[in-house]
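Peer 1: Fold the following for me, if possible:
(2 chains)
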Amino acid sequence: MSIRERLSGNEATAYAMKQINPDVVAAFPITPSTEIPQYFSTYVDNGEVDTEFVAVESEHSAMSACIGAEAAGARAMTATSANGLEYMWEMVQIASSMRLPIVMALVNRAISGPLNIHSDHSDAMAVRDSGWIMLFSETNQEAYDNMLMAHRIAEHKDVLLPLMVCQDGFITSHSIENIELLETEEVRKFVGTYKPEHYLLDRKNPISMGPMDLQPFLFEHKRQQWEAMKNAKNVILEVSKEFEKLTGRKYDLFEEYKMEDADYVIVCMNSTAGTVKNVIDRLRNNGVKAGLLKVRVFRPFPGEEIAKALSNAKAVAVLDKTPILNLTGGPLYEDVTSAMYTLNMNVPTIDYCYGIGGRDVTENQIETVYNDLQNLNDMSDPYRFLGLKTK
Amino acid sequence: MYNVKEVVANRPSRFSEGHRMCAGCGAPPIARMVLRAVHPEDHVVVSNATGCMEVSTCIYPYTSWTDSYIHTAFECAAATASGAEAAYKSLKKQGKLPEDENTKFICFGGDGGTYDIGIQALSGAMERGHDMTYVCYDNGAYMNTGIQRSSATPQFADTTTSPAGSVIPGKMQVRKDLTEIMVAHHLPYVAQTAAYMNFKDLYEKAEKAIYTKGAKFLNVLAPCPRGWGYPTEDLMKLNKLAVETCYWPMYEVVDGVYHITYKPAKKLPVEEFLKPQKRFKHLFKPGNEWMIEKFQEEVDKRWNELLAKEEMTNK
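Peer 2: Residues are numbered from 1 along each chain as shown, chains lettered A, B, ... in the order given. The predicted model follows:
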């Protein structure tokens, strides 16, 4: 039986964590993710979960403690944003290299500097090749659902990689929307218990973890991480199918909105997708064949699948919600276009840097993107900005 | 009564031979003796900061550690251990681990990983009161990367980032007193010790620390033949001189009460400790007498402060 509720993205995430009942949560407050450990410590202090909450002195220690806990044989979770994620960056890499299926809620926010607390994806993009599975969420419902699927994916024996569930700061994390929750019993049955094969607290089989790994082995170990990331794709699909059976909510590697006959396609992630869908509905009434490809699984990047889905488009716009300072396009654009190139596709594809530091993303802006796509005569100006006050 | 022969005979080593630390290094005997203080029936999770000890004892696919061991990074041995300890508490509470079996959490870090880059994680873990023992093996510089100065490096020492130059004669600052910083955390047990007099003081303090509930800190002097510049066979002589000159007092603070566990019958001049070390060679050049005097003043000041604290807290 599902429960109808109204929750913010942060509350939905904390509630998912409560239902999962992890053994350890270690977190340090940072806007806009702060509410997650706040809600969660209330569950801890009211005895509603079995979790040990470690109120660490920094995000670096949050990830270190998660690594220690998960290595010890426990399920460990954390939540953070922006500079918090950057501060734990060193440990983020170590978590994945130790093949520890830690789960993190990442509430996307602009990284410093200058200081800004609002949403863009620069935090997630700064860790995009850290060996973590990265799921993006358009709504609080998706943030909740992705969280419920997280451990099943991360802990799968063919995967054993940490996973982060992303949602947009404030836009999703602080907006209250309708949501369908599962009963806690159903969640616990779906998520199951964590049974690690090797762990520190197994005194009968003591283990040394995190060795010095020199020229003879590091390369092979990195290849194994690659293999695990490759395996994750199918596991994500399997778990998503099982989740659909339980909830009726369908999840894939990405979502296609009105893509069957779309000529002009926007590719984006997280909350912007909702705005894009509204614009598409309006444009469709005016006869414009507009479509959306919303990436859910950003790592592993389903390049081939995405490229194929875009193969019939006349023009594509990728929206990168992160400052692009390299002059060759944003991370999402680079991934999409390199996947197209590998498949010998030549669909004109342009990039928009948008929504930086929480800059409002309006339907009018999105409409100008579709207009641009309809009038795209050449590729002389592939790297563009959307929503700037001055050019 | 402590008897080194009995301890060694009855407590098999949990830190095996074949590691790659230097001959004459003070750290391996510390790790071995601290672990010997763990009761045989108990299991240990060791959390090791990046440093000499880590890179020399756990090179894939080998390990010197017979218990469970984890290394993550340089600055977070304490935070890593606090996560493992929280996991232990949680799993125990949930009945997922046997009731009657105990695991002890012990961190090892050098002065780089403890006094400097790791002090935040250390302070955090100690304040939170995780049931763990943090052991700093203090060799007074970043030895693993090639003898760079740390905040634990004594004044005037010649290191590769505070070389004894013609204008600046070595490290100009006095060393940080981390043991006192840990005392200021109001922990149930803080101690400073060295591998001296058949390891008695080290062993007893390690056992006390490990079997006191809560967050405990041990600061152990670990001479380094390369960084200090002494022949490898002189390791124990250096430990002895550090203690006998009161450069490195051995004491413990139990719930805020100081107890100096060894008071030299005759406090040796600090020259005795400085002389056998190449890092202080320039102190003995004509015209540099003031440096030795200044060094002595600092040692005396700290020793007198310690005596006063002992008196004050035992009133």
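
Peer 1: neighbours around the residue found closest to B:D158 once you drop the neighbours it is linked to in the chain, how many?
Peer 2: Excluding the flanking residues, the one nearest B:D158 by Cβ to Cβ, 6 or more residues apart in numbering or on different chains is B:A164, at 4.0 Å. Yep, even glycine has a C-beta here, placed from its N, CA and C like the rest. Per other Cβ atoms under 10 Å in any protein chain shown, the neighbour tally for B:A164 reads 20.

Peer 1: Now find how far off-centre stretch A:360-368 is within its chain.
Peer 2: Offset of stretch A:360-368 from its chain centre (Cα atoms, centre = their mean, to the nearest Å): 23 Å.

Peer 1: Do me a favour and average the pLDDT over that stretch.
Peer 2: The predicted model assigns stretch A:360-368 a mean pLDDT of 97.

Peer 1: Can you give the contact residues for that stretch?
Peer 2: With contacts defined as Cβ atoms under 8 Å, 6 or more residues apart in numbering or on different chains, stretch A:360-368 is touched by A:266, A:272, A:275-276, A:278-279, A:282-283, A:354-355, A:386-387.

Peer 1: Which residue is the nearest non-sequential neighbour of B:Y137?
Peer 2: Nearest non-adjacent residue to B:Y137, counting by Cβ to Cβ, 6+ apart: B:A222, 3.9 Å away.

Peer 1: B:L202 versus the one you found, what's the distance?
Peer 2: Counting by Cβ to Cβ, to the nearest Å, the separation of B:A222 from B:L202 is 11 Å.

Peer 1: shared neighbours of the two, anything?
Peer 2: B:I30.

Peer 1: All the helices of chain B, residue numbers only.
Peer 2: Using DSSP state H, the helices of chain B run over B:4-10, B:27-36, B:52-57, B:77-93, B:111, B:119-128, B:178-183, B:200-210, B:235-244, B:271-274, B:289-313.

Peer 1: highest average neighbour count across the ones you listed?
Peer 2: helix B:77-93 (a mean of 28; mean count of other Cβ atoms under 10 Å in any protein chain shown).

Peer 1: what's the angle between that one and helix B:119-128?
Peer 2: Inter-element angle recorded for helix B:77-93 and helix B:119-128: 30 degrees (by axes from the mean of the first three to the mean of the last three Cα atoms, to 10 degrees).

Peer 1: packing partners for helix B:77-93?
Peer 2: Contacts defined by 3 or more Cβ pairs under 8 Å, 6 or more residues apart in numbering or on different chains; DSSP states H and E place helix B:77-93 against strand A:24-26, strand A:52-54, helix A:59-72, strand B:43-48, strand B:68-71, strand B:103-110, helix B:119-128, strand B:132-138.

Peer 1: and that helix with helix A:59-72, angle?
Peer 2: Going by the same axes, to 10 degrees, helix B:77-93 makes 50 degrees with helix A:59-72.

Peer 1: CA atoms only: put helix B:77-93 into PDB for me.
Peer 2: Output in PDB follows, covering the C-alpha atoms of helix B:77-93 (Å, rounded to 0.1, in the frame of the first residue of the first chain):
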ATOM      1  CA  ALA B  77      42.900   7.700  10.600                       C
ATOM      2  CA  ALA B  78      40.800   8.900  13.600                       C
ATOM      3  CA  ALA B  79      37.700   9.600  11.500                       C
ATOM      4  CA  THR B  80      38.000   6.300   9.700                       C
ATOM      5  CA  ALA B  81      38.300   4.500  13.100                       C
ATOM      6  CA  SER B  82      35.300   6.500  14.400                       C
ATOM      7  CA  GLY B  83      33.200   5.100  11.500                       C
ATOM      8  CA  ALA B  84      34.300   1.600  12.200                       C
ATOM      9  CA  GLU B  85      33.600   2.000  15.900                       C
ATOM     10  CA  ALA B  86      30.200   3.400  15.200                       C
ATOM     11  CA  ALA B  87      29.500   0.400  13.000                       C
ATOM     12  CA  TYR B  88      30.600  -1.900  15.800                       C
ATOM     13  CA  LYS B  89      28.300  -0.200  18.300                       C
ATOM     14  CA  SER B  90      25.400  -0.300  15.800                       C
ATOM     15  CA  LEU B  91      25.800  -3.900  14.800                       C
ATOM     16  CA  LYS B  92      26.300  -4.900  18.500                       C
ATOM     17  CA  LYS B  93      23.200  -3.100  19.500                       C
END
